[in-house]
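Student: Predicted structure and sequence below. I'll ask about it afterward.
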Amino acid sequence: MKKILKAAAAAGGALCLVCGIDNRLETTFYTVSSKKIPPQFSGFKIAHISDVHSDSVSGLIPKIREISPNIIVSTGDLTHDKGSYFPALRLCERLMSVAPVYAVTGNHDLWRSDYEEFEKDIARVGVKTLHSERVILKKGGAEISLSGIDDPFTRSSAKASEAVKKCLFELGGYGGYDILLFHRANLFDCVKDQGFDLILSGHMHGGQVRLPGGRGIVAPKSGWTSSSVFFPKYTSGRYASEDSEMLVSRGIGNPMVIPRLFNRPELAVITLKHANQSIN
């Protein structure tokens, strides 16, 4: 009987791995509605990628072309802290052939000794990296703001909070609809209700290992004693506070030893909508 149980357990584990490791790209669609979104921006599409880590996933560029977004955003870790950054640079070149690309830094980007060289190279192909700054997006005589702040780049929770506050102070406020790009979804509590209507984030890798159809179990360890590896608060999907909404990408690459289980690489597509206005 013990041999049968062991064999069944081994078979179950193998089946779980086979079913759970699925590297096919998944596209998640969101509609974000607000009275602050000008009517001219109803139907405005944002393709959101995160945590590429210089990896590749089949079908990403064709899918983005098919969606035909107005802009593409990357919320950190385009490249990894080790190895060549050329795959990420090549990806940026291909993305720029589809739509304007805006990015913010992630912790693995900044851990590179040659990060400044990498940023110069992606800037050369047209990618705009936002460092405590915003760009104004215009359409039909109306405008919205796209803001970005750097990754805190510290292993101290107290210093991280202070770094975020400093970036927000440098950024300043904006009177209209304001979208924030910020790498670390686990720091949502630091940036929510600070004047940003929509926050796009990553870093959590969807929880890395996910319950089938459920929540993420494991997240990247930031090195902070207050940050738990298991059952993190923010992993993927939609979260809301009183005045802000956050959409978290599960990411594309996998820099961790643990495989992505029940956690396919994700491309998120956000469509903006003026409240009470239909989208054709």
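Tutor: Everything's here; your move. Numbering: from 1, shown residues only.

Student: ok, the residue nearest to T28 when sequence neighbours are not counted - contacts?
Tutor: Excluding the flanking residues, the one nearest T28 by Cβ to Cβ, 6 or more residues apart in numbering is A268, at 4.9 Å. Any C-beta I mention is one placed from the backbone N, CA and C, and that applies to glycine too. When contacts are counted by Cβ atoms under 8 Å, 6 or more residues apart in numbering, A268 is found next to 27-30, 47-49, 200, 247, 249.

Student: at 7 Å what do you get?
Tutor: A268 sits next to 28, 30, 48, 247, 249 when contact means Cβ atoms under 7 Å, 6 or more residues apart in numbering.

Student: Surely the second one is in contact with L247?
Tutor: Yes - taking contact to mean Cβ atoms under 7 Å, the distance of 5.9 Å between Y30 and L247 places them in contact.

Student: Now do the shared contacts for the two.
Tutor: Shared contacts of Y30 and L247, defined by Cβ under 7 Å, 6+ apart, are found at 238, 268, 270.

Student: Work out for me the element the last one sits within.
Tutor: Yep, that's I270 we're talking about. strand 266-274 (DSSP states H and E).

Student: Each with direction, which strands does that strand pair with?
Tutor: Applying DSSP bridges to the sheet, strand 266-274 is found paired with strand 26-34 (parallel), strand 45-49 (antiparallel).

Student: list the buried ones in the first one?
Tutor: Spelled out, it's strand 26-34. 27-28, 30, 32, 34 (16 or more other Cβ atoms under 10 Å).

Student: Kindly report the same for stretch 118-128.
Tutor: For stretch 118-128, burial by neighbour count (16+ other Cβ under 10 Å) applies to 118-119, 121-122, 127.

Student: Ok, stretch 51-62 next?
Tutor: Across stretch 51-62, burial judged by 16+ other Cβ under 10 Å covers 51-55, 57, 60.

Student: and the least confident of those?
Tutor: Note: of the buried residues of stretch 51-62, the lowest pLDDT belongs to V57, at 89.

Student: Run a quick check on that one versus E266, I expect a contact.
Tutor: No - if you go by Cβ under 7 Å, V57 and E266 don't touch, sitting 9.4 Å apart.

Student: so what's in contact with those two at the same time?
Tutor: By Cβ under 7 Å, 6+ apart, no residue touches both V57 and E266.

Student: Spell out, range by range, the helices that occur in this protein.
Tutor: Applying DSSP state H to the chain gives helices spanning 2-20, 60-67, 86-96, 107-111, 115-124, 157-171, 188-191.

Student: would JSON lines of those with distance to G140 be doable?
Tutor: Shown next, in JSON lines, are the helices of the chain (distance: least, Cβ to Cβ, whole Å):
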{"stretch": "helix 2-20", "distance to G140": "46"}
{"stretch": "helix 60-67", "distance to G140": "21"}
{"stretch": "helix 86-96", "distance to G140": "24"}
{"stretch": "helix 107-111", "distance to G140": "34"}
{"stretch": "helix 115-124", "distance to G140": "28"}
{"stretch": "helix 157-171", "distance to G140": "26"}
{"stretch": "helix 188-191", "distance to G140": "29"}
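
Student: looking at those helices, which is buried most?
Tutor: helix 107-111 (a mean of 21; mean count of other Cβ atoms under 10 Å).

Student: Alpha carbons only: can I get that one in CSV?
Tutor: The C-alpha trace of helix 107-111 is given here as CSV (Å, rounded to 0.1, in the frame of the first residue of the first chain):
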residue,chain,number,x,y,z
ASN,A,107,15.6,46.6,-8.8
HIS,A,108,17.4,44.2,-11.1
ASP,A,109,17.9,47.0,-13.7
LEU,A,110,19.6,49.2,-11.1
TRP,A,111,21.7,46.3,-9.7
